[in-house]
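Student: Model the structure of this input:
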Amino acid sequence: MKTKFMQFIASLWEGWGEVKQVVENQPETTPLAANPAAELVKSSPVSLTDRVNRFLQSAYDFRYNLLTEETEFRPAGKVGEGFSSVGKRELNTFCLEAHARGIACWDKDISRYLYSTCVSAYHPFLLYMDELPAWDEVELTSKGNVTRKMSEMGLLNLDEFDKYPASKMPLLKNLMQMANLNLCKAYQRNYRNLPRIASFIGTSNRFDLLSDPTGSRRFLCVEVKGKIDCSHIEHKQIYAQLKHELLEGVRYWFTAEEESELKEHNKRFQRRSMMEEILYACFRPAMTEDKDEMVQRLSAADIFKVLKKQNPAAMRGVNPNAFAQQLAPLGFPRSRSRYGNYYSVVALPENTFPPANLDK
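Tutor: Numbers count the residues shown, from 1 in each chain. Predicted structure coming up:
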């Protein structure tokens, strides 16, 4: 019995040695076999992005509007069809169409492409000018042509222009002469320098519209005597002619003589304040043919005192310094003597005053 037990122990010892030898002869770490599913998971984001991009590019045409800062789309190949802005509904529609084609994507996968630089950018105004046809050499602005009225692409219509108070005119004057705009758009931290594109147009049922004589050259006032016919206006050829003339170096600014003619033309549209009405009722600028005894040399303070005495209610709220600055634009030239500035005026009947001591 004892002998059999010892033999059993010996056989176990021999078997254990063989197992240990086999394990020691094997490498410590056995390489794992490649898992196809794992490889698919690792590469799926890249392949999914490619599939989404190929789907969007094949199904739609996209472009990024620099003016509205929106992505626009239209069906692929529809050259004559207009673009529409991409909204939440359209984004969900793209996602559902991708699912129908077997692309398991999320809406964020679609957005990643739509709101990236993969979508080419464009500016609507520059695109319009680039796509203009060649000018057909027909002079659309010639005298007697019924299509002289032009419509700007970027146009701000100041309807009922007379409702804007005179206090707003300096701001409008500044806006009309700005070539660039520094704007900080919504949800942006930095200001951007943008080119000024818009032009201004206005309508009114009155004639007393312009309140600043020095700024009237910025306006071209036209009296409309009949119904305006807006049909059959060749906008593309109008802008094609404009573009052609600019490229040829044709002058696009007014000369000094033309500015004077424009100011003279706009005089009938000038608005007179109560202060101006009283001024013209009491005085007129002196002329070379006036006799010396008729001419009075008065300071701005003297003229202001006369007007205030003549009509205190109308002169209430008028600043003397501002009044002095308006005399020259209103046609009263300023002269200078050793006693200070003066204005050569002629008092109208019933407003003759003794001359002040402001002789030359």
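Student: When you work out contacts or count neighbours from here on, use the C-alpha atoms and nothing else.
Tutor: Noted.
Student: so who does A300 touch?
Tutor: By CA atoms under 8 Å, 6 or more residues apart in numbering, A300 lies in contact with 323-324, 327, 341-343.
Student: redo that, cut-off 7 Å
Tutor: Residues near A300 by CA atoms under 7 Å, 6 or more residues apart in numbering: 324, 342.
Student: What distance do you get for it to Q325?
Tutor: A300 sits 9 Å away from Q325, going by CA to CA, to the nearest Å.
Student: One more: V222?
Tutor: For V222 relative to Q325 (CA to CA), the value is 29 Å.
Student: do the same with D292
Tutor: D292 is 26 Å from Q325, where distance means CA to CA.
Student: All the helices of the stretch 51-200 of the chain, residue numbers only.
Tutor: Ranges of helices within the stretch 51-200 of the chain are 88-100, 107-114, 124-130, 169-176, based on DSSP state H, counting those that start in this stretch.
Student: do the stretch 201-350 of the chain as well
Tutor: Using DSSP H, counting those that start in this stretch, helices in the stretch 201-350 of the chain cover 235-247, 256-265, 274-282, 300-310, 312-315, 320-327.
Student: Output the ones you listed as a markdown table; include the columns mean pLDDT and distance to A59.
Tutor: Output for the helices of the stretch 201-350 of the chain, formatted as a markdown table (pLDDT from 0 to 100; distance: least, CA to CA, whole Å):
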| stretch | mean pLDDT | distance to A59 |
| --- | --- | --- |
| helix 235-247 | 88 | 31 |
| helix 256-265 | 86 | 55 |
| helix 274-282 | 81 | 67 |
| helix 300-310 | 85 | 75 |
| helix 312-315 | 82 | 70 |
| helix 320-327 | 81 | 65 |
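Student: any chance of those in a markdown table, with distance to A104 too?
Tutor: Formatted as a markdown table, these follow (distance: least, CA to CA, whole Å):
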| stretch | distance to A104 |
| --- | --- |
| helix 235-247 | 46 |
| helix 256-265 | 67 |
| helix 274-282 | 75 |
| helix 300-310 | 82 |
| helix 312-315 | 77 |
| helix 320-327 | 72 |
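Student: pLDDT score for S120?
Tutor: pLDDT, the model's per-residue confidence, is 91 for S120.
Student: scratch that, C95
Tutor: On the pLDDT scale, C95 gets 92.
Student: my guess is it contacts D107, does it?
Tutor: Yes - in terms of CA atoms under 7 Å, C95 counts as a neighbour of D107; the distance is 5.7 Å.
Student: Comparing those two, which shows the higher neighbour count?
Tutor: C95 (22 against 15; other CA atoms under 10 Å).
Student: Quick one: residues contacting that one.
Tutor: Applying CA under 7 Å, 6+ apart to C95 gives the contacts 105-107, 110.
Student: most surrounded residue in the residues you listed?
Tutor: These, ranked by neighbours (other CA under 10 Å): first place I110, 20 neighbours.
Student: give the contact list for that residue.
Tutor: I110 touches 52, 95, counting by CA under 7 Å, 6+ apart.
Student: re earlier: how about the helices of the stretch 201-350 of the chain, which one is nearest V52?
Tutor: Among the helices of the stretch 201-350 of the chain, helix 235-247 comes nearest to V52, with 38.6 Å by CA to CA.
Student: ok so, going back, same list (the contacts of C95) but as JSON lines, adding distance to D162.
Tutor: Converted to JSON lines, the contacts of C95 look like this (distance: CA to CA, whole Å):
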{"residue": "C105", "distance to D162": "57"}
{"residue": "W106", "distance to D162": "55"}
{"residue": "D107", "distance to D162": "51"}
{"residue": "I110", "distance to D162": "50"}
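Student: Any chance of a markdown table for those, columns pLDDT and distance to V119?
Tutor: Formatted as a markdown table, these follow (pLDDT from 0 to 100; distance: CA to CA, whole Å):
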| residue | pLDDT | distance to V119 |
| --- | --- | --- |
| C105 | 90 | 19 |
| W106 | 89 | 19 |
| D107 | 87 | 17 |
| I110 | 91 | 12 |
